[in-house]
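Engineer: Predicted model and sequence follow; I will ask about them next.
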Amino acid sequence: MTVTAPSLLDAILPHVAFDGWSDDAFGAAAEDGGISLEDARALCPRGAVDLAILFHTQGDAAMVDALKSADLSDMRFRDKVAHAVQLRLDAVNDKEAVRRGSALFALPHMAPEGSKLIWGTADAIWTALGDTSDDVNWYTKRATLSAVYGAVVLYWLGDDSVDGQATRAFIDRRIENVMQFETFKAAMAQNPLTKPFAAALGQFTSRIKAPGKPPSDLPGSWVSPR
């Protein structure tokens, strides 16, 4: 049998509940998969960390697939975003693995990787919902949703309500906060007292562009004024 990274992921999950995303769990997964630790390291150079990342990205992919097959035609856009966040949680088949992953990516040296994963989830949601922004809004949408998703996951991990009803209500409240911020930005652009500031800020941020296609190694680009 050929052992792959996804099969190693399946093998490690029963051990993660006890040992976390650790070297011990990775070694046990390699043994369960019938391959040497050296061969397992060839597949996953960072060991359990690579499998924790794969676990997260597989959840993103499952969420995108669920969104593609969902009927969103009668939903307000805010409800579409909330539904996408809920689908991302529904894609998790091992809550304890997420809990252990949260602890792993909260470590100082792993925090950048954890932030990147959450950003990737937010990007996957906006892209699946058809976002076409190519300016600073590309960044603000993903930054705001990243903050929402991070808070939702922490709440969800401690939620013991029936059918996760408390988490659904929490998602709605967080999305409402985002909508209030968007309303505030629109009001600034119309208020005679703040309109000049909003216009100047808009002129400045108009030079910021979303990453090109295909994306480069840089998070975005800056267009120099002519």
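Structural biologist: Received it, and whenever you're ready, just let me know what you need.

Engineer: so the residue located most distally from the centre of the chain is in which element?
Structural biologist: Relative to the centre of the chain, the most outlying C-alpha is that of Pro192, 37.7 Å out, by CA atoms, centre = their mean. Under the criterion DSSP states H and E, no helix or strand holds Pro192.

Engineer: In contact with it, which residues?
Structural biologist: Contacts for Pro192 (CB atoms under 8 Å, 6 or more residues apart in numbering) come out as none. The C-beta positions use only the backbone N, C-alpha and C, and glycine is treated the same way.

Engineer: Kindly report the same for Ala122.
Structural biologist: Lys141, Arg142, Ala143, Leu145, Ser146, Tyr149.

Engineer: Low-confidence bits of the protein, can you list those?
Structural biologist: Along the chain, the parts satisfying pLDDT under 70 run over 1, 181-189, 193, 195, 197-208, 212-226.

Engineer: in it, which spans are helices?
Structural biologist: Under the criterion DSSP state H, the chain contains helices at 5-19, 23-33, 37-43, 48-69, 77-90, 95-105, 111-128, 136-157, 165-190, 195-205.

Engineer: possible to save those as a markdown table with distance to Pro211?
Structural biologist: Output for these, formatted as a markdown table (distance: least, CB to CB, whole Å):
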| stretch | distance to Pro211 |
| --- | --- |
| helix 5-19 | 26 |
| helix 23-33 | 33 |
| helix 37-43 | 29 |
| helix 48-69 | 18 |
| helix 77-90 | 21 |
| helix 95-105 | 23 |
| helix 111-128 | 10 |
| helix 136-157 | 8 |
| helix 165-190 | 22 |
| helix 195-205 | 16 |
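
Engineer: Tally up the residues packed near Met75, please.
Structural biologist: 13 (other CB atoms under 10 Å).

Engineer: Give me the spatial nearest neighbour of it, chain neighbours excluded.
Structural biologist: His83 (6.6 Å; CB to CB, 6 or more residues apart in numbering).

Engineer: Would you mind measuring from that neighbour to Ser22?
Structural biologist: 35 Å (CB to CB, to the nearest Å).

Engineer: Likewise for Ser73?
Structural biologist: Distance of Ser73 to Ser22, computed by CB to CB: 45 Å.

Engineer: Out of those two, name the residue with the larger neighbour count.
Structural biologist: Neighbour count, other CB under 10 Å: between Ser73 and Ser22, Ser22 has more, with 18 against 6.

Engineer: Ala28 versus that one, what's the distance?
Structural biologist: 10 Å.

Engineer: any residues in contact with both of these two?
Structural biologist: Shared contacts of Ser22 and Ala28 (CB under 8 Å, 6+ apart): none.

Engineer: Can you give the domain ranges for the protein?
Structural biologist: 1-45, 49-213 (automatic domain parsing).

Engineer: what's Asp123 in contact with, if anything?
Structural biologist: Counting by CB under 8 Å, 6+ apart, Asp123 has contacts Arg142.
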